[in-house]
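Chemist: Please find the sequence and the predicted model below.
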Amino acid sequence: MTLRRALVILAIIWTFCAGSSIAIALFSYEAATVIPFTILFPLMMFFVLCLYVHMFLLAQSHAKKIASLPTSTVHHRTNMKGAVTLTIFLGVFLCCWAPFVLHILLARFCPHNPYCACYMSIFYVNGTLIICNAIINPMIFAFRSPELRTTFKKMLCCSR
């Protein structure tokens, strides 16, 4: 993949994300916004899951090819660690965003039901979970990487 192609793909992704975020913020409780958003969420989850499965299968394929090398156990552990890290990312994303998606659905389709009203009273918790997702992702990456983990320890302990 060329740098230009990667930049074009990134620009398209960021434009789509920014546009959908603005639409959701402006028209958050209208059916024309809620329905596509709630359809998009599981579709994106499925898409990400497919990508992770594809990456995992690719890593497994590479691990089999490398198995004949004397350092194959190190490579196999690295490939498995990457797959585990991706699984953790997906799990955290799902745990942080699913309550918000449920909130949006309930707010639109049963705003006066007492059970829905009880759940909707924790809206700020759902928003906090979304923010936590943005905070947790770099931490997962950092603490799964030995180099970054060592760097963080040095920074926190103020050692050289």
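Modeler: Yes, it's here.
Chemist: Please, which helix or strand holds the residue nearest the centre of the chain?
Modeler: Centroid-nearest residue in the chain: residue 93, 4.0 Å away (criterion: C-alpha atoms, centre = their mean). Here residue 93, judged by DSSP states H and E, is contained in helix 72-109.
Chemist: name the helices or strands packed onto that helix?
Modeler: helix 31-66, helix 114-120, helix 123-144 (3 or more C-beta pairs under 8 Å, 6 or more residues apart in numbering; DSSP states H and E). C-betas here are computed from N, CA, C, even on glycine.
Chemist: Using PDB, list the CA coordinates for the shortest one.
Modeler: Spelled out, that is helix 114-120. The C-alpha coordinates for helix 114-120 follow below in PDB (Å, rounded to 0.1, in the frame of the first residue of the first chain):
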ATOM      1  CA  PRO A 114     -40.300   3.400  33.900                       C
ATOM      2  CA  TYR A 115     -37.700   0.800  33.200                       C
ATOM      3  CA  CYS A 116     -36.300   2.800  30.400                       C
ATOM      4  CA  ALA A 117     -36.400   6.000  32.500                       C
ATOM      5  CA  CYS A 118     -34.400   4.200  35.200                       C
ATOM      6  CA  TYR A 119     -31.700   3.200  32.700                       C
ATOM      7  CA  MET A 120     -31.700   6.600  31.000                       C
END
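Chemist: The lowest-mean-pLDDT helix or strand in the chain - contacts with which helices or strands?
Modeler: Here the helix or strand of the chain ranked lowest by mean pLDDT, DSSP states H and E is helix 114-120, holding a mean of 75. Applying 3+ C-beta pairs under 8 Å, 6+ apart, we find helix 114-120 packed against helix 72-109.
Chemist: picking up where we left off before, pull out the buried positions in the helix holding residue 93.
Modeler: 75-76, 79, 83, 86, 89, 92-93, 96-97, 99-108 (16 or more other C-beta atoms under 10 Å).
Chemist: Mind putting the helices and strands packed on helix 72-109 into JSON lines with distance to residue 3 and mean neighbour count?
Modeler: As requested, the helices and strands packed on helix 72-109 are exported to JSON lines (distance: least, C-beta to C-beta, whole Å; neighbours: other C-beta atoms under 10 Å):
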{"stretch": "helix 31-66", "distance to residue 3": "21", "mean neighbour count": "14"}
{"stretch": "helix 114-120", "distance to residue 3": "46", "mean neighbour count": "13"}
{"stretch": "helix 123-144", "distance to residue 3": "23", "mean neighbour count": "13"}
